[in-house]
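*Asks:* what follows is a predicted structure for the sequence shown.
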Amino acid sequence: AARHEVTLWARDDTQAAVLREQRENRRYLPGIGLPDALAVAGGDPVALAARHELVIVATPMAGLRGLLQALAGCTAPLAWLCKGFESTGLLGHEVQAAVAPRLLAGALTGPSFAQEVARGQPTALVAASSHRAVREALVAAFHGPGVRVYANDDLPGAEVGGAVKNVLAIATGLCDGLQLGLNARAALVTRGLAEMTRLGVALGGRPETFMGLSGLGDLVLTATGDLSRNRQVGLALAQGRTLEQAVQSLGHVAEGVLCARTVVERAGRLGVQMPIASAVVALLDGTLRPQAAVQALMGRDPAAERA
Ligand SMILES: NC(=O)C1=CN([C@@H]2O[C@H](COP(=O)(O)OP(=O)(O)OC[C@H]3O[C@@H](n4cnc5c(N)ncnc54)[C@H](O)[C@@H]3O)[C@@H](O)[C@H]2O)C=CC1
Ligand SMILES: O=C(CO)COP(=O)(O)O
């Protein structure tokens, strides 16, 4: 908003009025004032999008389909921020191909806790899209003193990284909550990266994407940073809380909880092995206790180290 004319759109008109009056999102981003220059609107998103040069969709995965459907005729470049698989089993670009194939679209992703971005702390992101116009619009809008934006045309790879790291952050939260040690955490992150890469390549991503900001970068941030909601779920489960309690006390979306099963099912259909993600599914289901999950992962047969 310091460099461009920006409108924040809220799907609920009452909420838009509250944001306009309080200049703060007290429920979801407390303590961070909205810049004076930022306009806040409710109403029709289609008419609003038609008056802007770039559209950013900042819903959870569950809200992406509806908004893309509404904005299907939009001619401005559009990018979503959500990271996960939809409950149908689709990634964001697959949802878009189904409901709004003509959009010039992509994802803005990478290691970026919202609170730190909002405070202007240094952050590096990835503008992922097969469309050059989208990559360039995202770099032009966001690249600046506080944010570096790298362009990548591998949208499937960037999306798999953002989705799978959430599931792996639940595992590392559990690992740390159970005090299994720093060796165990490093092993989980590294072998988790191998799982992410295997699935991502099978879904059309390029191997090097997983070594970049949207893969390794976001995995390191989310698996080790206590601001992560997915990691917090793992920590809460380690304290003996039920999944319901862990999710309720969070008060925010934890996409890894919602898509862990989908990740493992899609991997299964492609013949991709994901032992850590599978253990997370069993832990979330309550069919495996944490100690049994550790034994199961450590008891696997020896294997050659490769992705
Ligand atoms: N918070 C963070 O640091 C980051 C979050 N993300 C991703 O962005 C997405 C949203 O995350 P947050 O805003 O942090 O979650 P949040 O739980 O803090 O806020 C969710 C927001 O989405 C709205 N919402 C909920 N269901 C909706 C629906 N069906 N349709 C439209 N809007 C809906 C809520 O009213 C609320 O404003 C997630 O996919 C998350 O993985 C990505 C990068 C960083
Ligand atoms: O994606 C994120 C940081 O890049 C936020 O992760 P959480 O959703 O686990 O908080």
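*Replies:* Cool, the structure landed. Residues are numbered from 1 along each chain as shown. Ligands and ions are numbered 1, 2, ... in the order given.

*Asks:* from here on, contacts and neighbour counts on C-alpha atoms
*Replies:* OK.

*Asks:* gap between Asp154 and Glu116?
*Replies:* Look at Asp154 and Glu116: by CA to CA, to the nearest Å, they are 26 Å apart.

*Asks:* looking at those two, which is more packed in?
*Replies:* Between Asp154 and Glu116, Asp154 has the larger neighbour count (other CA atoms under 10 Å), namely 18 against 12.

*Asks:* mind listing what that one touches?
*Replies:* By CA atoms under 8 Å, 6 or more residues apart in numbering, the residues touching Asp154 are Ala128, Ser129, Ser130, Gly205, Arg206, Thr209.

*Asks:* a markdown table please, covering these and showing distance to Ile276 and neighbour count.
*Replies:* Formatted as a markdown table, the contacts of Asp154 follow (distance: CA to CA, whole Å; neighbours: other CA atoms under 10 Å):
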| residue | distance to Ile276 | neighbour count |
| --- | --- | --- |
| Ala128 | 26 | 29 |
| Ser129 | 29 | 26 |
| Ser130 | 30 | 16 |
| Gly205 | 20 | 22 |
| Arg206 | 22 | 18 |
| Thr209 | 21 | 23 |
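
*Asks:* will you turn the residues you listed into CSV that also has distance to Gly192?
*Replies:* Below are the contacts of Asp154 laid out as CSV (distance: CA to CA, whole Å):
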residue, distance to Gly192
Ala128, 22
Ser129, 25
Ser130, 26
Gly205, 16
Arg206, 17
Thr209, 15
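
*Asks:* ok, of those, which one's closest to Lys165?
*Replies:* Comparing the contacts of Asp154 against Lys165 with CA to CA places Thr209 closest, at 13.4 Å.

*Asks:* still on that earlier bit, and the contacts of Asp154, which of them are in helices?
*Replies:* Here DSSP state H is the test, and the contacts of Asp154 give no hits in helices at all.

*Asks:* from the residues you listed, which land in strands?
*Replies:* Mapping the contacts of Asp154 onto strands (DSSP state E) picks out Ala128.

*Asks:* quick one, strands of the stretch 101-250 of the chain?
*Replies:* Under the criterion DSSP state E, counting those that start in this stretch, the stretch 101-250 of the chain contains strands at 105-109, 123-128, 147-152.

*Asks:* wait, which of those strands is closest to ligand 1?
*Replies:* Closest of those to ligand 1 is strand 105-109, at 6.5 Å (criterion: CA to the nearest ligand atom).

*Asks:* is ligand 2 contacted by that closest one?
*Replies:* No - judged by CA under 6 Å from any ligand atom, strand 105-109 and ligand 2 are separated, with a smallest distance of 7.2 Å.

*Asks:* quick one: name the residues of this structure near ligand 1.
*Replies:* Residues of the chain lying close to ligand 1 by CA under 6 Å from any ligand atom are 28, 58-63, 81-83, 112-114, 252-253, 255.

*Asks:* which residue does the stretch 151-300 of the chain bring closest to ligand 2?
*Replies:* Ser228 (3.4 Å).

*Asks:* residues contacting that residue?
*Replies:* Counted by CA under 8 Å, 6+ apart, Ser228 has contacts Phe113, Ala169, Thr222.

*Asks:* which one of those is nearest to Ala260?
*Replies:* Proximity to Ala260 was ranked across those by CA to CA; first place goes to Ala169, at 11.1 Å.

*Asks:* so which elements touch the longest helix along the chain?
*Replies:* What stands out as the longest helix in the chain, according to DSSP H, is helix 155-177. Helix 155-177 is packed against helix 92-99, strand 105-109, helix 182-202, helix 218-224, helix 229-238, helix 255-269, helix 275-285, with contacts defined by 3 or more CA pairs under 8 Å, 6 or more residues apart in numbering; DSSP states H and E.

*Asks:* comparing these, which comes out most buried?
*Replies:* Scoring the helices and strands packed on helix 155-177 by mean neighbour count under mean count of other CA atoms under 10 Å gives strand 105-109 as the most buried, with a mean of 28.
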